[in-house]
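**Student:** Sharing a model prediction with you, sequence too.
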Amino acid sequence: MCPAGHYAPAGSAVPTPWVVSEADGAKNVDELIYTMQSLKPILNNVFCYVDQGWKFHGRVRDVSKSGKPCINWRRTPMAGRAAPNHFCQNPDGVNLRDKPFCYISETESEECDIPECIWDKDCYTGIGVHYRGDTRQTSGGRNCQNWNSDFPHPHGYHSPKYNWAGVGDHNKCRNPDGEGKPWCYTTNLFHRWDYCEIPRCNRDKFEFYRF
């Protein structure tokens, strides 16, 4: 499936561009976004964290890494930004910590011993919609273009509408439109985009998480 302005690379399994009218295109994109956002993995941000844990809402830890009990966030400087409980979080959307943490007193905080999700970071699941890894090259060895840039290839995926897909001020492979696997625009003027060389997750090769 290729939205307007997004062409299949040479040798791609995608047979033809996805051509629709402007009105139908907007409707299809909205439906696609809704569907993809509804398919988030169950373990992510519940048992383990992704993206520094800024969406982590699991109730798996209420003590710090050193074993000290966490206090309720309502008693901390983060009151109003964090969920009003005593579980580990990373609620500051501006100054994120490296991973979820908690306050062990009204002024002192400490990281929590919560595992990092590996699936959709070291590998991708499904068609890679939730992939948040660091691969920045295509399978053909071409460097990826920054998602916030329109050079050398103009596109529409730097819109805030696609923030949920993990695109932003970086050039890491993502899949904001439902292609077969993660991909990126390239910095090669004559090669618009291509898939990235990222392994598919399976239980034989990848654990769900790591500490």
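**Tutor:** Structure received.
**Student:** Could you check how far stretch 96-109 is from the centre of its chain?
**Tutor:** Mean-position distance between stretch 96-109 and its chain equals 23 Å (CA atoms, centre = their mean, to the nearest Å).
**Student:** Show the end-to-end separation of it, please.
**Tutor:** When the termini of stretch 96-109 are compared using CA to CA, to the nearest Å, they are 13 Å apart.
**Student:** Counting neighbours, which bits of it end up buried?
**Tutor:** By 16 or more other CB atoms under 10 Å, the buried positions in stretch 96-109 come out as Arg97, Lys99, Pro100, Phe101, Cys102, Tyr103, Ile104, Ser109. (Glycine included, C-beta is placed from N, CA and C.)
**Student:** For Ile104, see how far away the closest residue to the fourth one other than its chain neighbours is.
**Tutor:** Okay, so that is Phe101. Counting by CB to CB, 6 or more residues apart in numbering, the nearest residue to Phe101 once its immediate chain neighbours are dropped is Glu111, at 4.8 Å. Using CB to CB, to the nearest Å, one obtains 11 Å as the distance from Glu111 to Ile104.
**Student:** So for those two, which residues contact both of them?
**Tutor:** Here Glu111 and Ile104 have Ser64 as joint contacts, going by CB atoms under 8 Å, 6 or more residues apart in numbering.
**Student:** Downstream of the helix or strand bottoming out on mean pLDDT in the chain, the next helix or strand is which one?
**Tutor:** Of all helical and strand segments in the chain, the minimum by mean pLDDT, DSSP states H and E falls on helix 22-37, at a mean of 46. On the C-terminal side of helix 22-37, the closest following helix or strand by DSSP states H and E is strand 101-103.
**Student:** I would like the residues contacting that following strand, please.
**Tutor:** 61-64, 70-71, 73, 75-76, 78, 86-90, 109-112.
**Student:** Now that strand: average pLDDT?
**Tutor:** Within the predicted structure, the mean pLDDT of strand 101-103 is 96.
**Student:** what packs against the helix or strand following it?
**Tutor:** Scanning forward in sequence from strand 101-103 by DSSP H and E, the next helix or strand is strand 109-111. If contacts are counted by 3 or more CB pairs under 8 Å, 6 or more residues apart in numbering; DSSP states H and E, strand 109-111 sits against strand 101-103.
**Student:** Centre of the chain to stretch 88-99, how far?
**Tutor:** Relative to the mean C-alpha coordinate of its chain, stretch 88-99 is positioned 16 Å out (CA atoms, centre = their mean).
**Student:** and it, how far apart are its ends?
**Tutor:** Stretch 88-99: ends 9 Å apart by CA to CA.
**Student:** Also stretch 167-181?
**Tutor:** For stretch 167-181, the first-to-last residue distance is 15 Å (CA to CA).
**Student:** Kindly report the same for stretch 108-120.
**Tutor:** 33 Å.
**Student:** Make a ChimeraX selection of whichever of the contacts of strand 101-103 turn out to be buried.
**Tutor:** Once 16+ other CB under 10 Å is used to decide burial, the buried members of these can be selected in ChimeraX as follows:
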select :61,63,64,70,71,73,76,78,86,87,88,89,90,109,110,111,112
